[in-house]
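[1] Give me a model of this one.
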Amino acid sequence: MTREQAIDLILRTGGHAPPNSDEHQELLKFLDASPECRKLYEDQRATWQALDLWEPIEPSLGFDRHVRERVEELSSSRPWFAGWFAPWQPNLAVGLAGLLLVAATVFHQPSLTGPGPNVAAVSGEDEAYLEEFNRALDDIEMLTEFEIDPAALAGQGPS
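    Down below sits the predicted model:
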């Protein structure tokens, strides 16, 4: 029996496993060999015995009423306007998110009046570079349209 199994058995059964069971006999042998687990076993047994003797007290008369009054007192201490927005909170969050999305779209649109003052004239050399760049982008786009099996590339054939 391992230490973890012994602790599990002690906590699960409280040491009240049937005395003739193999599990109980193995636990007793283990406890003789492990003073740390023996202490845990004795402490746990003492705790369960104390809990067996413990009798909870009955709540006083009016306990439920006192709890309700206290809850009402705490809930009434909110600001006067707090209850107005409670039913609308999810809708307000969605509406605010939508408003921010519309605002971002409107303010980040490119200008429709033409290039701004910071746009420089493109020379013939720059045009050749841009044309080559656009061809490379087209090639990349074409390559992404193919469905390639990674196993086939590794030489393992189709799976």
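[2] longest single helix anywhere in the protein?
    Longest helix in the chain by number of residues, with DSSP state H as the criterion: helix 124-144.
[3] Show me what counts as buried in it.
    By 16 or more other Cβ atoms under 10 Å, helix 124-144 has no buried positions at all. Where you see a C-beta, it was placed from the backbone N, CA and C, and this is true even at glycine.
[4] what does stretch 31-43 give?
    Quick answer for stretch 31-43 (16+ other Cβ under 10 Å): 31, 37, 40-41.
[5] In strands only, show me these.
    Among the buried residues of stretch 31-43, no member falls in strands (DSSP state E).
[6] Would you reformat the residues you listed as a markdown table and include distance to residue 8 and pLDDT?
    Shown next, in a markdown table, are the buried residues of stretch 31-43 (distance: Cβ to Cβ, whole Å; pLDDT from 0 to 100):
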| residue | distance to residue 8 | pLDDT |
| --- | --- | --- |
| 31 | 14 | 83 |
| 37 | 11 | 82 |
| 40 | 11 | 83 |
| 41 | 12 | 82 |
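[7] Now the two most distant members of the residues you listed.
    31 and 40 (9.1 Å; Cβ to Cβ).
[8] Any regions of the protein where pLDDT drops low?
    14-19, 77-83, 85-86, 109-125, 143-144, 146-159 (pLDDT under 70).
[9] what are the ranges of the strands in it?
    Under DSSP E, the chain gives no strands.
[10] Just the helices from it, written as ranges.
    With helices called from DSSP H, the chain shows them at 3-13, 22-33, 35-53, 63-75, 82-85, 89-107, 124-144, 150-153.
[11] In PDB, could you pull the C-alpha coordinates for the third one?
    Extracted as PDB, the C-alpha positions of helix 35-53 are listed here (Å, rounded to 0.1, in the frame of the first residue of the first chain):
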ATOM      1  CA  PRO A  35       4.400   7.000  12.100                       C
ATOM      2  CA  GLU A  36       3.300  10.100  10.000                       C
ATOM      3  CA  CYS A  37       0.300   8.200   8.600                       C
ATOM      4  CA  ARG A  38      -0.400   6.700  12.100                       C
ATOM      5  CA  LYS A  39      -0.700  10.300  13.400                       C
ATOM      6  CA  LEU A  40      -3.000  11.300  10.600                       C
ATOM      7  CA  TYR A  41      -5.200   8.200  11.200                       C
ATOM      8  CA  GLU A  42      -5.400   9.000  15.000                       C
ATOM      9  CA  ASP A  43      -6.200  12.700  14.400                       C
ATOM     10  CA  GLN A  44      -8.800  11.900  11.800                       C
ATOM     11  CA  ARG A  45     -10.500   9.300  14.100                       C
ATOM     12  CA  ALA A  46     -10.500  11.900  16.900                       C
ATOM     13  CA  THR A  47     -12.100  14.500  14.600                       C
ATOM     14  CA  TRP A  48     -14.900  12.000  13.500                       C
ATOM     15  CA  GLN A  49     -15.600  11.100  17.100                       C
ATOM     16  CA  ALA A  50     -15.900  14.700  18.100                       C
ATOM     17  CA  LEU A  51     -18.300  15.300  15.200                       C
ATOM     18  CA  ASP A  52     -20.400  12.400  16.300                       C
ATOM     19  CA  LEU A  53     -20.800  14.000  19.700                       C
END
